[in-house]
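In: Take this sequence and fold it.
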Amino acid sequence: MIRQKVMPKIQELCSNYNFSNVILGLRKKDNYTYRHCIGVSVLSYFIGKWLGLKEKELNDLAVAGLLHDVGKTKISDSILLKAGKLSSDEYAEMQLHTVFGYEMILRLPNMTDQQALVALQHHEREDGSGYPYRKSSEEIEYFSKIVAVADVFHTMVSERVYKKAIPLFQVLQEIYQRAFGLFNPVIVQCFITNLMNRMIGDSVLLSDGKVARIVMLHPDDLINPLVESQGKYYDLRLSKSKIMDFASIQ
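Out: A predicted model of the protein is given here:
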């Protein structure tokens with residue numbers, strides 16, 4: 001579905017907006033960041049669709065997701081491509097990609113303030129713990145909140161030189177548990193619900209070594225569903241056994 005429906009939409013948006021040179025510059029600078037931006041654009045589009053946004057809003061959101069990290073073209077290669085942990089000074093410079101991105105997008109034709117703010121705010125957090133300006137809750141644009149969830153999800157499931165990809169279910173669990181505090185809980189609930197609904201019928205590995213099948217989700221606890229293993233049903237809300245990962249992902 002992504003290949004047939006969403007990617008052509010992203011390509012169409014790219015051709016309709018005058019920022020192809022910016023995207024090409026990002027690809028030349030760092031291929032991972034380029035691929036990450038495409039992934040975040042697709043995820044943001046889906047989240048927006050699940051949240052009920054209209055087509056024009058979805059298009060604007062997809063473009064915002066595509067350009068959210070464009071400021072990294074202004075970050076030195078020694079920092080952007082560093083395999084090890086960044087020093088405090090290096091991390092401070094890396095954080096500036098949000099400001100650089102905001103300024104770059106404002107200079108592009110046909111872009112909106114809201115799209116520029118996504119580049120500036122996608123690392124801000126609901127509790128004010130993010131950067132660059134420690135904005136909180138109502139100070140953060142709605143699109144920025146959507147892209148923040150898509151950005152963190154894609155980053156966690158991706159492999160880099162300095163880190164392995166985190167198992168998919170663990171990523172869903174961590175984002176779900178952070179819904180109150182770091183992220184907008186309505187956006188997270190919508191995102192996790194739609195992803196987990198698509199996992200019903202899939203096999204999962206449990207902490208006790210069993211392989212089980214997801215049967216039903218609990219709206220009040222999406223990451224501890226009802227599962228079935230060898231003809232027996234287990235409500236993971238009440239069980240010591242928990243899901244470790246999706247068996248099909250292994």
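In: what about residue 58, helix or strand, and which?
Out: helix 55-67 (DSSP states H and E).
In: Pick out the residue nearest the middle of the chain.
Out: Taking CA atoms, centre = their mean, the centroid of the chain lies closest to residue 150, which sits 1.8 Å from it.
In: where does that one land on pLDDT?
Out: Residue 150 is assigned a pLDDT of 97 by the prediction.
In: I figured it was touching residue 43, is that so?
Out: Yes - Residue 150 is within contact range of residue 43, at 3.7 Å (criterion: CB atoms under 8 Å). Where you see a C-beta, it was placed from the backbone N, CA and C, and this is true even at glycine.
In: pLDDT averaged over the lengthiest helix in the chain - what is it?
Out: The helix spanning the most residues in the chain, taking DSSP state H as the definition, is helix 31-50. Averaging pLDDT along helix 31-50 yields 93.
In: Check stretch 157-168 too.
Out: Rounded mean pLDDT across stretch 157-168 is 84.
In: What of stretch 179-187?
Out: For stretch 179-187, the per-residue pLDDT averages 92.
In: measure it end to end?
Out: 8 Å (CA to CA, to the nearest Å).
In: who are the neighbours in contact with the residue located most distally from the centre of the chain?
Out: Most distant from the centre of the chain: residue 231, at 36.0 Å, with distances by CA atoms, centre = their mean. Contacts of residue 231 were listed using CB atoms under 8 Å, 6 or more residues apart in numbering, and none were found.
In: What separation do you get for the residue nearest to the centre of the chain and residue 100?
Out: 20 Å (CB to CB, to the nearest Å).
In: One more: residue 55?
Out: 30 Å.
In: Looking at these two, which is more packed in?
Out: residue 100 (17 against 10; other CB atoms under 10 Å).
In: one step back: just the CA trace of the helix or strand that the helix holding residue 58 is followed by, in PDB.
Out: Under the assignment DSSP H and E, the closest C-terminal helix or strand after helix 55-67 is helix 77-80. Extracted in PDB, the C-alpha atoms of helix 77-80 (Å, rounded to 0.1, in the frame of the first residue of the first chain):
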ATOM      1  CA  ASP A  77      30.000  16.000   8.700                       C
ATOM      2  CA  SER A  78      32.300  15.300  11.700                       C
ATOM      3  CA  ILE A  79      29.300  15.600  14.000                       C
ATOM      4  CA  LEU A  80      26.500  14.400  11.700                       C
END
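In: Residue 23 touches residue 34, doesn't it?
Out: Yes - using CB under 8 Å, residue 23 is in contact with residue 34, at 7.4 Å.
In: So which residues of the protein form helices?
Out: Using DSSP H, helices in the chain cover 7-16, 20-29, 31-50, 55-67, 77-80, 88-95, 97-107, 113-121, 142-157, 168-177, 185-197.
In: Tabulate these (JSON lines), appending distance to residue 128.
Out: Supplementary listing: the helices of the chain in JSON lines, determined by distance: least, CB to CB, whole Å:
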{"stretch": "helix 7-16", "distance to residue 128": "32"}
{"stretch": "helix 20-29", "distance to residue 128": "29"}
{"stretch": "helix 31-50", "distance to residue 128": "23"}
{"stretch": "helix 55-67", "distance to residue 128": "22"}
{"stretch": "helix 77-80", "distance to residue 128": "25"}
{"stretch": "helix 88-95", "distance to residue 128": "15"}
{"stretch": "helix 97-107", "distance to residue 128": "15"}
{"stretch": "helix 113-121", "distance to residue 128": "12"}
{"stretch": "helix 142-157", "distance to residue 128": "13"}
{"stretch": "helix 168-177", "distance to residue 128": "19"}
{"stretch": "helix 185-197", "distance to residue 128": "16"}
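In: and of these, who's closest to residue 239?
Out: helix 168-177 (15.2 Å; CB to CB).
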